[in-house]
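Visitor: 3D, please:
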Amino acid sequence: MKRWTGWTFTVRSAGSNTLLTYLLPDLWYFFFVSVGITYLDSHWNAGAPGVIKALVFTATILALSALLTRCRVRLQL
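Guide: Below is the predicted model:
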């Protein structure tokens, strides 16, 4: 291997701050439920829209994790 690690920038923060990345979807869900937004829970769940929704959600969680890691928010046991 020629140490090709450039592609890992998209998931590097998830690997360095795993507990935060693991808990972010739950916090995201609880935030939207407490605000009263339930549209995404009942729509776009099957087929191509469901896949697109999952990809966008994953990218959002990874971006939020990278942002919080850059702001030095770390969760540790």
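
Visitor: OK, contacts around Leu75?
Guide: For Leu75, the contacting residues are Asn17, Leu19, Leu20, Leu23, by CB atoms under 8 Å, 6 or more residues apart in numbering. The C-beta positions use only the backbone N, C-alpha and C, and glycine is treated the same way.

Visitor: the second one and Gln76 touch, don't they?
Guide: Yes - taking CB atoms under 8 Å as the definition, Leu19 is a contact partner of Gln76 at 6.7 Å.

Visitor: just want the most central residue of the protein.
Guide: Ile61 (1.6 Å; CA atoms, centre = their mean).

Visitor: any buried residues in the longest helix anywhere in the chain, and which?
Guide: The longest helix of the chain (DSSP state H) is helix 47-70. The neighbour-count check on helix 47-70 (16 or more other CB atoms under 10 Å) flags Ile61, Leu62, Leu64, Ser65, Ala66, Leu68, Thr69 as buried.

Visitor: can you tell me the element the closest residue to the third one other than its chain neighbours falls in?
Guide: If the residues on either side of it in the chain are set aside, Leu64 comes closest to Leu24, at 5.9 Å by CB to CB, 6 or more residues apart in numbering. Here Leu24, judged by DSSP states H and E, is contained in helix 18-35.

Visitor: that helix - contacts with which helices or strands?
Guide: helix 47-70 (3 or more CB pairs under 8 Å, 6 or more residues apart in numbering; DSSP states H and E).

Visitor: could you check the angle helix 18-35 makes with the helix it packs on?
Guide: 120 degrees (axes from the mean of the first three to the mean of the last three CA atoms, to 10 degrees).
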